[in-house]
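Participant: Sharing a sequence plus its predicted fold:
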Amino acid sequence: MDGTETGWGRPAEPAPRWRALLDRARHGSRQAEEQSDPEREAQPGQQPSAQQYGQPLPTRRPVNPLDGRGQYGAGRYEQPPPPEAAQPEPRPMPQRPINPLDPRWQGRQAEPPRPAELNGGGRRAAVPPPPPPAAPPVEEPHSFFSPSARPPAAPPPGRDYPQVRGSAAPVAPVRPGPQPPVMPVHQPPMMPVQQPVAPQPTSPAPARIEWRQGRADDELERAVAVMRRKLGKPRVLAFANPKGGVHKTTATVLAAATIGSVRGRGVLAWDDNELRGTLGLRAGSARHARTIKHLLADLMQIENLHGDGLLQELDGYLRHASDGSYDVLAGEENPRFAARLDQATVRRVMDLLRRTHDVICVDTGNNVESVNWQTVMRQADQLVITTVPREDAAFTADWMLDVLDDSGMGDLVSNAVTLISCPSPGPLPLLNDFAKHFATRTRAVAIVPYDQALEVGSSIEYADLQQETRTAWLKAASVMIEPFAE
């Protein structure tokens, strides 16, 4: 055939040179091709690689070398198949679990899952499984035109899994094992940031609270106010109890000192004890040794004086407290002098002291039958019964009230004030009982605490007392003066 013959009744075109060379090669290898066909038919169960992925075989049939038309058709000019366009590399798709019931995957065996490796960022990096061993290649001549030698078609979209570059063959999908649940990372709850609260402006406490806190202060202010009032006329306070050692002298001095510290002047303490009293030793400064005996010697001369002359003359017979709050008229130490203190003399001395002082505190003796004792009781405006929480002292005080009541001084008894002094610290079992008893017989009962400054029996200094003692005496003195305050 040199190009002048026609096949199938058509004029033949001159064959190119490369076609002649191709025909020569094809005719020389027909025998090898016939030997390979029985081997292919002996393996009916083997399918082409393209059919493994579900791609149908090409419809083009192979050339029969015994067919005369094959020689004739072999001389046709056929355009070589265009090269397949390069398929873009499929994007990595997330691997989804394989359904074991899908018939397409029943014949395949999955490789055991491999442990994940961690990349530098701490995430799991997918490691591709190694490719299975490739089947031995079958030598097929004329692979350029043989349909069976063509590369397998790509699997249908969505049925394959992404391949890693450099893999020689598609890898069977791996069925992932159950992944352990990923525990969520618990972030600590955000604690609300507390903004610093601005301090509230301090406001003064309510008036009612201030009044409760200052209740004691109010009582003291009231006591002080009572003692500062006008008394209408000079008042005589008689401190009495026939029993010795019941703090009569101490009570007389402290009452005068308390009232004098509030009023400032016009307070005097008189020792009218007929048996050598000690008031002059415990109160006032011993600037001189004059007593009531010296005053009685010059009594007529002093009584005729008035005004400042009287004050200056009488001051020569008196003693003064260290702070100047009260004056002291000391008693005579000679017991024989008591016979000279008759009723008239006691009244004259009392009238003289009323001219110069507003409050006169008298320390009486122990003999209720003496004239000077009875005279002081009748001249007194206020009776103060001094006692301690002891049965003998309370019994004596109660008996004295009966005597005064029988003597016609019932008003003095009913208006009296009972002053109970605590001789020792600590609880006193009879204190409350005595207070209740004398509250039924006298107008008021006042209790003053124990104070160590009064224990030694020496000079009494009001400033040396404890604050509790001074407070108690302020209240007690105000109770004594209150009936006369205007």
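Facilitator: It's in. Numbering: from 1, shown residues only.

Participant: for the chain, which spans come out with low pLDDT?
Facilitator: Counting by pLDDT under 70, the chain has low-confidence residues at 1-18, 25, 27-216, 284-286.

Participant: for it, what spans make up the strands?
Facilitator: 117-118, 124-125, 235-240, 267-272, 319-320, 327-329, 359-364, 382-387, 417-421, 444-448 (DSSP state E).

Participant: Of all those, which one is nearest residue 408?
Facilitator: With Cβ to Cβ, the closest approach to residue 408 among the strands of the chain belongs to strand 382-387: 13.8 Å. Heads up, the C-betas are built off the backbone N, CA and C, glycines and all.

Participant: Would you mind listing the buried residues in the closest one?
Facilitator: For strand 382-387, the buried set under the neighbour-count rule, 16 or more other Cβ atoms under 10 Å, comprises 382-387.

Participant: now swap in stretch 361-379 and tell me
Facilitator: Within stretch 361-379, the residues that count as buried by 16+ other Cβ under 10 Å are 361-366, 368, 370-377, 379.

Participant: Can you name the residues in contact with it?
Facilitator: Here stretch 361-379 makes contact (Cβ atoms under 8 Å, 6 or more residues apart in numbering) with 236-240, 242-244, 248-249, 252, 255-256, 259, 267-275, 277, 279, 338, 341-343, 346-347, 350, 380, 383, 400, 403-404, 407, 409, 412.

Participant: Tell me the buried residues in stretch 332-352?
Facilitator: Using 16+ other Cβ under 10 Å as the test for burial, stretch 332-352 gives 332, 337-338, 341, 345-346, 349-350, 352.

Participant: Which one of these is nearest to residue 439?
Facilitator: The closest of these, once distances to residue 439 are taken by Cβ to Cβ, is residue 350, at 30.2 Å.

Participant: Now do the closest one against residue 391, distance only.
Facilitator: Separation of residue 350 from residue 391 (Cβ to Cβ, to the nearest Å) stands at 34 Å.

Participant: just residue 281 next, same as before
Facilitator: 29 Å.

Participant: Among those two, which residue is more densely surrounded?
Facilitator: Comparing residue 281 with residue 391 by other Cβ atoms under 10 Å, the one with more neighbours is residue 281, at 16 against 10.

Participant: Pull the number of nearby residues for the closest residue to the more buried one other than its chain neighbours.
Facilitator: Setting aside the residues directly before and after it, residue 281 is nearest to residue 459 in space (Cβ to Cβ, 6 or more residues apart in numbering), at 7.5 Å. Residue 459: 15 surrounding residues under other Cβ under 10 Å.

Participant: Residue 459: what's it in contact with?
Facilitator: Counting by Cβ under 8 Å, 6+ apart, residue 459 makes contact with 281-283.

Participant: swap in residue 474?
Facilitator: 220, 223-224, 227, 258, 262.

Participant: repeat that for 10 Å
Facilitator: Shown in contact with residue 474 (Cβ atoms under 10 Å, 6 or more residues apart in numbering): 219-224, 226-227, 258-259, 261-262.

Participant: same question, residue 303
Facilitator: Counting by Cβ under 10 Å, 6+ apart, residue 303 touches 310, 348-349, 351-352, 355.

Participant: Please repeat the previous calculation with a cut-off of 8 Å.
Facilitator: Contacts of residue 303 by Cβ under 8 Å, 6+ apart are 348, 352.

Participant: now residue 240
Facilitator: Residues in contact with residue 240 (Cβ under 8 Å, 6+ apart) are 248, 364, 373, 377, 383-386, 400.

Participant: Next, format those residues as JSON lines and append distance to residue 287.
Facilitator: Formatted as JSON lines, the contacts of residue 240 follow (distance: Cβ to Cβ, whole Å):
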{"residue": "248", "distance to residue 287": "25"}
{"residue": "364", "distance to residue 287": "26"}
{"residue": "373", "distance to residue 287": "29"}
{"residue": "377", "distance to residue 287": "31"}
{"residue": "383", "distance to residue 287": "32"}
{"residue": "384", "distance to residue 287": "28"}
{"residue": "385", "distance to residue 287": "33"}
{"residue": "386", "distance to residue 287": "28"}
{"residue": "400", "distance to residue 287": "35"}
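
Participant: For the closest residue to residue 485 other than its chain neighbours, the count of nearby residues, please.
Facilitator: Nearest residue to residue 485, sequence neighbours excluded (Cβ to Cβ, 6+ apart): residue 229, at 3.8 Å. Around residue 229 there are 13 other residues, counting by other Cβ under 10 Å.

Participant: Over to residue 468?
Facilitator: 12.

Participant: Repeat that for residue 262.
Facilitator: By other Cβ under 10 Å, the burial measure for residue 262, its neighbour count, is 18.

Participant: For it, give me its contacts.
Facilitator: Counted by Cβ under 8 Å, 6+ apart, residue 262 has contacts 224, 227-228, 474, 477.

Participant: filter the residues you listed to the buried ones?
Facilitator: Taking 16+ other Cβ under 10 Å as the criterion, what is buried in those is 227, 474, 477.

Participant: Which of these lies at the shortest distance from residue 22?
Facilitator: Proximity of those to residue 22 (Cβ to Cβ) peaks at residue 474, which lies at 144.5 Å.

Participant: distance of the closest one from residue 230?
Facilitator: To residue 230, residue 474 is 19 Å away according to Cβ to Cβ.

Participant: Check residue 414 too.
Facilitator: Applying Cβ to Cβ, one obtains 24 Å for the distance of residue 414 from residue 230.

Participant: try residue 424
Facilitator: 39 Å.

Participant: burial measure for the residue lying closest to residue 448 once chain neighbours are set aside, as a count.
Facilitator: With Cβ to Cβ, 6+ apart as the criterion, residue 448 has its nearest non-adjacent residue at 4.5 Å, and that residue is residue 472. By other Cβ under 10 Å, 21 other residues sit near residue 472.

Participant: Test my guess that residue 472 contacts residue 450.
Facilitator: No: between residue 472 and residue 450 there is no contact under Cβ atoms under 8 Å: 10.4 Å.

Participant: Since that was my last question, I'll sign off now.
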